[in-house]
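Novice: Structure of the sequence below:
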Amino acid sequence: MPNKMVQWGEEFFWRRGVELRSGLVPDNDMGTSVVQRGFEPCLLAVIRLSMSSSTDSRTTSGWFRETLARTGHLPRAVELASAISDGLQQGEELYALVNAAADAGDLHSAQALAESIPLRGAQDRAMVDLVAAWARAGDRDRAAALAEQIRYPHNWGAAWAGLAKAVLARGDTVGARGFAARADDEVRSYVFDGTGEVLAVLVEVAAATGDRAWAAALADRVEDFARSRHRNTGSRPPALAAVLAWEAQNGDLDRIDALLRPSPRPPAADGPALCGWVPGASAALDGPRTGTSPEEPDDLGGTGGEEAEQARVPAAGPFLRARDMARLLDALAGTTDHDVALALADRAERLLDTGLASDRALLVTSVSRLLARLGQVERAMAVVGPVDPRHRAAQQAMIVEQLARHGCTDRAEALARAIADDETRARALITLVRELARRGDPDRAEGLVHVITDEWARGEARVAVVRELARRGDRERAEALTRSVVHRATRARALAGLAELSEPSRARRLAAQVVLLDGWTAALPVLERIAPRAVAVVADQLTL
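Specialist: Okay, here's the model as predicted:
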């Protein structure tokens with residue numbers, strides 16, 4: 001991983017690189033005099049002019065096609081997707097459009113599109129998603145009929161489990177239990193790689209319907225499935241972590257403890273042949289060695305023979321690996337009893353003490369994040385202490401974020417200021433400024449911006465302050481603050497955030513500034529709300 005990515009974190013590293021390349025805002029502060037009255041035709045004219053010189057790669061991306069689908073232009077989106085020559089990619093794009101249309105509430109069009117997808121795998125997955133969407137909309141009969149149309153057996157269980165969960169969300173526990181039973185029947189009759197995920201959904205449904213015994217039995221099956229299918233992999237499937245999280249939320253850590261115990265040593269002298277090799281056979285072929293017969297003790301004082309051979313076979317590690325434990329801790333973020341969370345942190349630290357190598361950094365991040373959420377700052381800092389010095393400051397920045405998110409802003413500020421690396425300190429201060437703004441303290445947040453030494457980072461922090469000022473109704477001050485952001489793409493994001501919270505005519509004026517600063521793609525999320533016709537205008541320009 002590049003050192004800069006360690007310092008800035010993935011989000012800021014990529015965004016900073018893109019926005020530095022966009023350059024600085026011109027001295028004439030472009031865009032402030034256009035579309036002064038906020039008329040939509042004027043904004044559309046600005047977009048057309050912008051597109052005449054646009055080379056943005058997103059003009060042909062799925063992101064734009066999905067925006068078309070969400071704004072009522074599904075046929076245009078399908079037309080663009082159908083022009084893709086690669087069959088697999090086309091199927092994936094059409095699948096995404098089905099979900100975009102469904103999310104916008106156009107379920108009839110979404111289903112018609114799903115049924116027309118030529119790639120059967122993508123069609124099946126779209127139908128599975130639509131089963132749950134129809135049920136959430138209250139039409140369970142249509143949802144059940146659609147589930148019956150799904151072609152491939154490995155999708156049957158997921159369809160019925162999704163239907164059960166959607167019906168449960170509408171308060172029908174009896175119906176949910178019936179659909180869950182159907183899903184259970186399907187995964188019993190056809191076992192595949194995704195069986196664990198379906199069973200994990202059924203655990204959730206069974207528990208919510210009050211059948212704790214069935215939920216526990218399903219949880220056992222998730223573990224059995226993970227053990228049978230994932231013996232030799234570096235981590236276990238997410239379904240197992242979901243079940244362990246559910247049990248931990250109910251104060252039950254027994255399964256976690258069992259999975260963290262080291263497995264017993266495998267037999268050394270007997271057992272089934274593996275590819276023609278029998279454990280212990282090589283020792284027999286080599287003949288007796290000093291210290292290996294029952295009569296002759298070995299050099300270490302052992303009795304030799306089978307017991308000595310058994311002692312030479314290292315005990316297997318626990319079934320749960322570092323990545324699994326990290327996934328479990330992350331799944332419980334903010335939802336677990338304080339004492340249970342501390343107990344899980346204890347177990348995670350003991351796992352770190354075993355000297356594991358694979359995915360150690362993942363677990364360090366997760367356990368230190370959990371401890372910071374619990375206010376255990378010194379303990380969290382001790383966990384990151386042995387980390388490679390190049391990564392330690394990044395872990396401290398993450399602790400700052402967690403402290404701020406959970407209300408410990410004073411401690412977070414003290415820790416952020418103490419980070420030695422300039423860029424990592426800027427990253428930590430950005431997250432603190434964001435949280436102060438979110439908590440309704442824009443004055444303190446704006447004051448802290450001046451502590452940041454990196455120019456781009458100061459602008460990034462001001463984006464959050466602008467949004468909070470706009471949310472509180474202080475739009476004049478918010479707009480003035482955007483003019484202190486010197487990088488054009490960063491300022492465009494600040495203006496777009498301000499536009500989202502403004503009334504339509506003012507929003508259109510701000511959106512025109514965004515377009516002139518950073519192109520129409522930067523304004524598109526705002527245009528969906530304030531000028532839906534703009535999306536069609538873009539599509540027209542693209543197909544000229």
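
Novice: For the rest of this, base every contact and every neighbour count on C-alpha atoms.
Specialist: OK.

Novice: so Gly175 makes contact with Lys165?
Specialist: No. Look at Gly175 against Lys165 with Cα atoms under 8 Å: they stay out of range, at 9.9 Å.

Novice: Neighbour count for the two, which is higher?
Specialist: Lys165 (27 against 17; other Cα atoms under 10 Å).

Novice: Can you name the next helix or strand after the host helix or strand of that one?
Specialist: Taking DSSP states H and E as the criterion, Lys165 maps to helix 156-169. Where DSSP H and E defines the elements, the next helix or strand beyond helix 156-169 is helix 173-189.

Novice: residue contacts, Ala239?
Specialist: By Cα atoms under 8 Å, 6 or more residues apart in numbering, Ala239 lies in contact with Gly196, Glu197, Leu199, Ala200, Val222.

Novice: Could you look up the SS state of the residue nearest to the fourth one when sequence neighbours are not counted?
Specialist: I take that to be Ala200. Among residues not flanking Ala200 along the chain, Ala239 sits closest, at 5.6 Å (Cα to Cα, 6 or more residues apart in numbering). Of the three states, Ala239 takes helix according to DSSP: H, G, I helix; E, B strand; the rest coil.

Novice: can you pull out the helices in the stretch 251-400 of the chain?
Specialist: Along the stretch 251-400 of the chain, the stretches classed as helices by DSSP state H, counting those that start in this stretch are 254-260, 281-286, 305-312, 322-331, 338-353, 360-373, 377-384, 389-405.

Novice: Packing partners of the helix or strand hosting Ala461?
Specialist: Secondary structure from DSSP H and E places Ala461 in helix 455-471. In terms of contact count using 3 or more Cα pairs under 8 Å, 6 or more residues apart in numbering; DSSP states H and E, helix 455-471 is assigned the packing partners helix 422-438, helix 442-449, helix 475-482, helix 488-500.

Novice: Turn these into TSV, including mean neighbour count, mean pLDDT and distance to Asp388.
Specialist: Supplementary listing: the helices and strands packed on helix 455-471 in TSV, determined by neighbours: other Cα atoms under 10 Å; pLDDT from 0 to 100; distance: least, Cα to Cα, whole Å:
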stretch	mean neighbour count	mean pLDDT	distance to Asp388
helix 422-438	25	96	15
helix 442-449	18	95	29
helix 475-482	17	93	38
helix 488-500	26	94	32
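
Novice: could you dump those helices to a markdown table with distance to Ala507?
Specialist: Formatted as a markdown table, the helices and strands packed on helix 455-471 follow (distance: least, Cα to Cα, whole Å):
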| stretch | distance to Ala507 |
| --- | --- |
| helix 422-438 | 22 |
| helix 442-449 | 22 |
| helix 475-482 | 11 |
| helix 488-500 | 4 |
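
Novice: got the contact list for Phe39?
Specialist: Neighbours of Phe39 in contact, by Cα under 8 Å, 6+ apart: Ser505, Arg508, Arg509.

Novice: Dump those to CSV, plus distance to Leu469, neighbour count and secondary structure.
Specialist: Converted to CSV, the contacts of Phe39 look like this (distance: Cα to Cα, whole Å; neighbours: other Cα atoms under 10 Å; DSSP: H, G, I helix; E, B strand; the rest coil):
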residue, distance to Leu469, neighbour count, secondary structure
Ser505, 19, 17, helix
Arg508, 19, 29, helix
Arg509, 18, 23, helix
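
Novice: May I see those residues organised as a markdown table, with pLDDT and distance to Asp254 added?
Specialist: Formatted as a markdown table, those follow (pLDDT from 0 to 100; distance: Cα to Cα, whole Å):
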| residue | pLDDT | distance to Asp254 |
| --- | --- | --- |
| Ser505 | 88 | 60 |
| Arg508 | 89 | 58 |
| Arg509 | 89 | 60 |
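
Novice: Could you report the distance from Ala348 to Ala326?
Specialist: Going from Ala348 to Ala326 by Cα to Cα, to the nearest Å gives 8 Å.

Novice: ugh, typo on my part, it should be Gln249
Specialist: Gln249 is 16 Å from Ala326, by Cα to Cα.

Novice: Please say which of the two ends up with more neighbours.
Specialist: Neighbour totals were compared for Gln249 and Ala326, and Ala326 leads with 22 against 16 (other Cα under 10 Å).

Novice: pretty sure the more buried one is in contact with Leu363, am I right?
Specialist: Yes. Assessed by Cα under 8 Å, Ala326 is found in contact with Leu363 at 4.8 Å.

Novice: Name the helix or strand of the chain that has the lowest mean pLDDT.
Specialist: The weakest-scoring helix or strand in the chain, judged by mean pLDDT, DSSP states H and E, is helix 281-286 (a mean of 33).

Novice: Which two of the contacts of Ala239 have the greatest separation?
Specialist: Spanning the widest gap among those are Glu197 and Val222, at 8.2 Å by Cα to Cα.

Novice: Show me which of these two is the more surrounded one.
Specialist: Val222 (26 against 20).

Novice: Skip the chain neighbours and tell me the closest residue to that one.
Specialist: The nearest residue in space to Val222 (Cα to Cα, 6+ apart) is Gly196, at 5.4 Å.

Novice: Against Arg347, how distant is that neighbour?
Specialist: In this view, Gly196 and Arg347 are 24 Å apart by Cα to Cα.

Novice: Over to Gly17?
Specialist: With Cα to Cα as the criterion, Gly17 and Arg347 are 39 Å apart.

Novice: Compare these two (neighbour count), which wins?
Specialist: Arg347 (17 against 11).

Novice: which ones are touching the more buried one?
Specialist: By Cα under 8 Å, 6+ apart, Arg347 has no neighbours at all.

Novice: now do Leu94
Specialist: Leu94 neighbours (Cα under 8 Å, 6+ apart): Val78, Ala81, Ser82, Leu113, Ala114, Ile117.

Novice: right, and out of those, which lies closest to Arg140?
Specialist: Among the contacts of Leu94, and counting by Cα to Cα, the member closest to Arg140 is Ala114, at 18.1 Å.
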